[in-house]
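A.B. asks: Okay, structure incoming, though there's no sequence with it:
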């Protein structure tokens, strides 16, 4: 956060930067709910995937239970981000 504020040459307060980041995350979440996918070129793609129902175990009792299908978010980094991470 401090780097973001410094890159803005002192024109962006820490509070305002935090508000903008929060709004960005809200936008991503809203887009995922509405469209099931959010893509930011050069960064990557978030998509909603459904993890199918499957058997599991209750860790307290060891009893076998059925875990229902659950929506989850997956992230696939863009080539540009992958290259940057590799150095």
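C.D. replies: Cool, got the structure. Not measured: the values here are computed from a predicted model.
A.B. asks: biggest helix in this structure by residues?
C.D. replies: In the chain, assigned by DSSP state H, the helix with the most residues is helix 14-35.
A.B. asks: Show me what whichever helix or strand comes after it is packed up against.
C.D. replies: Using DSSP states H and E, the helix or strand that follows helix 14-35 towards the C-terminus is strand 37-40. Where contact means 3 or more CB pairs under 8 Å, 6 or more residues apart in numbering; DSSP states H and E, strand 37-40 is packed against helix 14-35, strand 44-51. (Each C-beta comes from the backbone N, C-alpha and C, glycine too.)
A.B. asks: Go through those and name the closest to residue 58.
C.D. replies: strand 44-51 (18.3 Å; CB to CB).
A.B. asks: tell me the domain ranges of this structure?
C.D. replies: When the chain is parsed with automatic domain parsing, its domains come out as 1-35, 41-87.
A.B. asks: on that earlier part again, which of the helices and strands packed on strand 37-40 sits most buried?
C.D. replies: strand 44-51 (a mean of 14; mean count of other CB atoms under 10 Å).
A.B. asks: Parallel or antiparallel, which strands does the helix or strand following that strand pair with?
C.D. replies: Counting by DSSP H and E, the element after strand 44-51 in chain order, helix or strand, is strand 54-57. Using DSSP bridges, strand 54-57 pairs in its sheet with strand 64-67 (antiparallel).
A.B. asks: From the chain's centroid, how far away is the partner strand?
C.D. replies: 27 Å (CA atoms, centre = their mean, to the nearest Å).
A.B. asks: Check stretch 47-55 too.
C.D. replies: 16 Å.
A.B. asks: ok, now stretch 41-52?
C.D. replies: 8 Å.
A.B. asks: pLDDT score for the closest residue to residue 36 other than its chain neighbours?
C.D. replies: Nearest non-adjacent residue to residue 36, counting by CB to CB, 6 or more residues apart in numbering: residue 48, 4.6 Å away. Looking at residue 48, its pLDDT is 97.
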